[in-house]
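Q: next comes the sequence, and after it the predicted model I'd like to discuss.
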Amino acid sequence: MQQRLQRIGSNTQRTLSHARSSIAFRIGYSLLVATFSVASVLAFLPKPKIHASSDASTAQQKLTDQQIARKQYADHVSKSYNFAFGPGNISLPGNGAVEGNTFLQPDAFPTADYCGKCHKEAYHQWRQSLHSNSFRTPFYRTSVNILMRTKGIEFARHCDSCHNPVAVLGGGLTQASVVDRGFDQDGLTCMTCHSVQQVQSTNGNGGYVMGVPSVMVDEKGTRIPGLVPDAEILAHLDRHSKAVMQPLYRTPEFCSACHKANLPNPLNGYKFIRAFTAYDEWQNSKFSQRNPLTFYKADFTGCQGCHMKRAAAVLPDPGAKNGQFASHRWLAGNTAVPFYYGFDEQLNKTIEFLKSGNYLNVDLFAIKKANDEHMIAPLGSTTFDLKPGETIQVMTVIQNKNIGHSLIPEVRDLYEGWVEFSATDSTGKEIYHSGFIKADGKLDERAHSFTNRPVDTAGEFVDNHKVWTIHSVAYDNSIQAGRSTLIRYEFQIPANAKGTISITAKVNYRHLRQSYLNNIFGEDHPAYPIVEIASRTRTLNIGENPVTKPEPNDNADWMRWNNLGIAYLDQLQYSEAIDAFSHVVKLRPDYADGYTNIGLTNIEWEKYESARGGLEKALELAPNNARALYYLALVERRAGHSDAEVADLQKVIAQFPQSRDARRELGISYYQQRKPQEAMEQFEALQAIDPDDLAAHYNLALLYRRMGMKDKAKEQSAMFVTKKIDPGAPTYSLDFLRKHPEISIESVPWHVHTDRPHTEDAVADPPAAKVTPKLIPGGTH
Amino acid sequence: MKHLHWILLAVTILFASSAPCFGQTQCPWMNAATAGGFLGGEVQMAVTGFTADGDATCQFTRAGNMLRIAVHTMPDISKEFPGYLAQCGAKAVSLKGIGNLAVQCLNKGEEVIVGRVRERAFVITIKAEWAGNPPSTPTKTRNPISDDSENIAEQVAGSMF
């Protein structure tokens, strides 16, 4: 046989030299190669694909087979793979990693159909979820196609490390790819998540370590690659479970692998820019119980607690416990994908999710009349008069009450959350309206929107999610978890107004911004859903207004004042914040955090000694209160009481070992006390919590150098340099704001939304009626 | 005989690596490996009829089996689009998740998808021929007619976004 093959080879070589260009030769040659290919493949695949693997020898054989097949596959892919970001590096500019550190065959991942045979409920939910559609949707393809066309497909590894890990790890993202992309339509299939073995760190960008997919382990716990018969799984459910479930999957760190992203230098050719980080936002929220500095407290709730809630399983699924199954819909804000695909069940559940949960509180908190500093507050709890013709400012407080991350999270340049405020008279006639949808489907530019504005070097808004061109962010008006924002709406009550005026503030959400939808589909697409997440209406009488009964979702008055104080604090209005917090302690003298808030505001105001009283009062009410201790430590530092400062921070860390703020400050305290070893320990602990903390990079660079650890010092120094914000970048933001006066005021912490003509409009196009421009500190729009 | 598979592999690599370059042009919407997924293994690819609009016809063959995907962009949407829809007639099935809109029908033995991505209206014609019976296993070897033509159309339209 061997000789025969050699003869064939020899004859073929001779033919080659005589007839290279003939068509007959081409056909013959192709047939020969095909024959050998088939023969060699068959020679390597003598066994059926699914077979029992209960005994150790079979398991070992499957492992060996997989390793051989993988090596062959990896060698094949490597030949034409564009290792643009370093030899052997398969996923940069993404962080996706795989055990064995080489390409993994896409067909090593059992398909969702395979899993769905038994896990019917999971399959049904997953099919409509964002995870299963993470790659195929036009909302994603439009952006990533631009990246591929302008920079090259290899750069898409950054996005696809999360959106299509099978493609990245399989080596599909290269020019002249040799990978069958039949898996694209399954996006994050079951066995992508259920094969992750660990997360590298909480750096994100696909910071997982994928194992070779396995649906069974053997008696010794060794993962068996490939498929096994259903009967085998049913006979050893414990071993199936061990292969596909890990305690890691129930942690927020698991989600951080992809729900945290940065734009690294290999992608943008510039420097590290933080893109989004729902994970860090959660970690800083009350739901993590890792941060002592939150304004409010709550029970521990991880990502899965909100986005994978257990509910009664409708279809059979062995993964259900007592008939309850952890949702594989991952309900959140995305209404666009189910709307596009016609997944009505997913769409309705998403809307239901957004409207449920008491996530936000909308508080029409106060009224201020023009030329009167007195604040009528809190509305509903105080009496007042209104007269026709008066100009009033409605102070609306929006509290991010129970979201474990910011409002709005993640891709803020595409998502659209805003406040729609309206005032109507007793006949229903509109007096003032902000945050309406225009005829072209776009949002009123002057709406208060919980968005940001990334800009490029030309000072232009980075449209179409071309994230690799982002150099700065003009502003970011998202509300972090547990915090509040104050929005001021000013309008004039008509001179002939009678009866009542109804004011309403709604928080609306649209996935996605209309201009992005236009970029994807052109302008003739159907209107995408707008969901009202929360709202509050009050009826104001022209004349006397009595005290009214609160509505069920209203916060108690002390909390309303507290939220106002938080909003003032974030808008740098310290005097007003202290006044608001003073109302809190008046209403709740037992509330230690109220005093701490006064102390915190004084610290922000750099009135350290004034801060001491509030903090000490808080500690009197709640001895060992970590939040008060933390801020008191900062006061002690300022007073030169170094030992007290360290003692306070140590007490904080004893209660909250994962407090990044306390670790950072204690590191600084030790550094100042010339205790390099102790300082290093704190900064290293901080880095384990937040690998991007700039203070940790900077101080560790210094400390390592002093300790003679030059390589580590160099590494930290380099990370500090790349992660530090480019001091020149704000000029791009200023360029953008100069070009867009209609929204530039949104970058000012304190601003007023009004029906009064914008001063610039008045100059450019004087209206017929006489308008007296009103100078409002912070600006108007 | 013990080392037969290694010898076969070595000879295959030798021949394949010294092979003259036939038809290096790539199909704009689908690589040969993905087409191979439909036809059940490695395929030969021929791409013809490239136009400035990005149209082309990609033909994949494997052991007597053939998959041909042709994309035609309509230069005049208002004139051509209704015509193509009319050709589909009442048998047209509306497809979700392909472009801005898409309909599918069978016309003269070919699967036809008429659709649009933004301002680009297109017709995708998919034809498959099998030397024997079309494969029916749903995993590696997929039948490109019906459901799979929808998948192919999704791949094509997805690349147009």
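A: Cool, got the structure. Computed from a prediction, not measured in an experiment: that's the story for all the values here.
Q: make it CA atoms for all contacts and neighbour counts henceforth
A: Noted.
Q: so how far is A:D107 from the residue in chain B that chain A sits nearest to?
A: At 3.8 Å from chain A, B:T34 is the closest residue in chain B, using Cα to the nearest Cα. Distance, B:T34 to A:D107, by Cα to Cα, to the nearest Å: 12 Å.
Q: more crowded one of the two?
A: With neighbours defined as other Cα atoms under 10 Å in any protein chain shown, B:T34 and A:D107 compare such that B:T34 has more, 22 against 16.
Q: tell me which element the more buried one falls in.
A: In this structure, B:T34 sits in helix B:32-39 according to DSSP states H and E.
Q: before we move on, what about B:I69?
A: Here B:I69, judged by DSSP H and E, is contained in strand B:65-73.
Q: what pairs with that strand, parallel or antiparallel?
A: strand B:56-62 (antiparallel), strand B:120-129 (antiparallel) (DSSP bridges).
Q: if we ignore the residues flanking it in sequence, what's nearest the residue nearest the centre of chain B?
A: Here the mean C-alpha position of chain B is nearest to the C-alpha of B:I69 (Cα atoms, centre = their mean), at a distance of 3.7 Å. Nearest residue to B:I69, sequence neighbours excluded (Cα to Cα, 6 or more residues apart in numbering or on different chains): B:I126, at 4.7 Å.
Q: ok now the strand holding B:I69, how far from the chain's centre?
A: When distances are taken as Cα atoms, centre = their mean, to the nearest Å, strand B:65-73 is centred 5 Å away from the chain's centroid.
Q: now that strand against helix B:32-39, angle please.
A: Between strand B:65-73 and helix B:32-39, the angle comes out at 120 degrees (axes from the mean of the first three to the mean of the last three Cα atoms, to 10 degrees).
Q: residues contacting A:R329?
A: A:R329 makes contact with A:125-126, A:128-130, A:307-308, A:346, according to Cα atoms under 8 Å, 6 or more residues apart in numbering or on different chains.
Q: and the pLDDT for residue 104?
A: This is for chain A. Per-residue pLDDT puts A:L104 at 98.
Q: correction: the question concerned chain B.
A: pLDDT recorded at B:Q104 is 91.
Q: confirm it sits in a strand?
A: Yes: counting by DSSP: H, G, I helix; E, B strand; the rest coil, B:Q104 is located in a strand.
Q: which SS class is the closest residue in space to it that isn't next to it in sequence?
A: Distances taken as Cα to Cα, 6+ apart put B:I113 closest to B:Q104, at 4.4 Å, once the chain neighbours are dropped. B:I113 falls in the strand class when you classify it by three-state DSSP.
Q: so B:I113 makes contact with B:N107?
A: No: in this structure, B:I113 is not within contact of B:N107 by Cα atoms under 8 Å, at 10.0 Å.
Q: give the contact list for A:I503.
A: Per Cα under 8 Å, 6+ apart, neighbours of A:I503: A:421-424, A:537-540.
Q: hang on, the earlier thing: and the residue nearest to B:I69, how far is that from B:E111?
A: Separation of B:I126 from B:E111 (Cα to Cα): 5 Å.
Q: who's more crowded, the two?
A: Using other Cα under 10 Å, the more surrounded residue of B:I126 and B:E111 is B:I126, with 26 against 20.
Q: in chain A, which residue sits nearest chain B?
A: Per Cα to the nearest Cα, A:D180 is where chain A lies closest to chain B, at 3.8 Å.
Q: and for that residue, the neighbour number?
A: By other Cα under 10 Å, the residues close to A:D180 number 24.
Q: on the three-state scheme, it is what?
A: Classification of A:D180 using three-state DSSP returns coil.
Q: which of the helices or strands spans residue 158?
A: You didn't pick a chain, so chain A it is. Per DSSP H and E: helix A:157-163 holds A:H158.
Q: the intended chain is chain B.
A: Here B:G158 is covered by helix B:147-160, with elements defined by DSSP H and E.
Q: one more: A:D692?
A: A:D692 belongs to no helix or strand, assigned by DSSP H and E.
Q: surely it and A:K723 touch.
A: Yes: with contact defined as Cα under 8 Å, A:D692 reaches A:K723; the gap is 7.4 Å.
Q: so what's the residue count around the residue nearest to A:D590 when sequence neighbours are not counted?
A: Using Cα to Cα, 6+ apart and skipping the chain neighbours, the partner closest in space to A:D590 is A:L621 (6.9 Å). Other residues near A:L621 come to 16 when the count uses other Cα under 10 Å.
Q: go on, the one 10 residues further on?
A: Counted with other Cα under 10 Å, the neighbours of A:Y631 add up to 25.
Q: element containing it?
A: helix A:626-639.
Q: may I have that helix as PDB, with CA atoms only?
A: The C-alpha trace of helix A:626-639 is given here as PDB (Å, rounded to 0.1, in the frame of the first residue of the first chain):
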ATOM      1  CA  ALA A 626     -17.200  52.400  59.000                       C
ATOM      2  CA  ARG A 627     -18.400  55.200  56.800                       C
ATOM      3  CA  ALA A 628     -18.000  57.800  59.600                       C
ATOM      4  CA  LEU A 629     -14.600  56.300  60.500                       C
ATOM      5  CA  TYR A 630     -13.400  56.600  57.000                       C
ATOM      6  CA  TYR A 631     -14.200  60.300  56.700                       C
ATOM      7  CA  LEU A 632     -12.900  61.000  60.200                       C
ATOM      8  CA  ALA A 633      -9.600  59.400  59.100                       C
ATOM      9  CA  LEU A 634      -9.300  62.000  56.400                       C
ATOM     10  CA  VAL A 635     -10.000  64.700  59.000                       C
ATOM     11  CA  GLU A 636      -7.300  63.300  61.300                       C
ATOM     12  CA  ARG A 637      -4.800  63.200  58.400                       C
ATOM     13  CA  ARG A 638      -5.400  66.900  57.700                       C
ATOM     14  CA  ALA A 639      -5.000  67.600  61.400                       C
END
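Q: from the middle of its chain, how far away would the helix or strand just after it be?
A: Helices and strands here follow DSSP H and E; after helix A:626-639, the next one along the chain is helix A:642-655. Counting by Cα atoms, centre = their mean, helix A:642-655 is centred 32 Å from the centre of its parent chain.
Q: for the chain, which spans come out with low pLDDT?
A: Chain wasn't specified; assuming chain A. Along chain A, the model assigns pLDDT under 70 to residues A:1-55, A:756-781.
Q: um, chain B though
A: In the predicted model of chain B, residues B:1-24, B:134-146 satisfy pLDDT under 70.
Q: could you rerun that using 80?
A: For chain B, residues meeting the criterion pLDDT under 80 lie at B:1-25, B:133-148.
Q: which residue packs closest to A:P388, ignoring adjacent ones?
A: Residue nearest to A:P388 in three dimensions, not counting chain neighbours: A:A495, with 4.7 Å by Cα to Cα, 6+ apart.
Q: got it, and A:Q492?
A: Spatially, and ignoring its direct neighbours in sequence, A:Q492 is nearest to A:T391 (4.1 Å; Cα to Cα, 6+ apart).
Q: assess the claim that B:V114 and B:N100 are in contact.
A: No: B:V114 is beyond contact range of B:N100, at 10.9 Å (criterion: Cα under 8 Å).
Q: give me the more crowded residue out of the two.
A: B:V114 (26 against 23).
Q: need the nearest residue in space to that one, chain neighbours excluded.
A: Nearest residue to B:V114, sequence neighbours excluded (Cα to Cα, 6+ apart): B:V123, at 4.6 Å.
Q: who is that neighbour paired with across the strands?
A: B:H72, B:V114.
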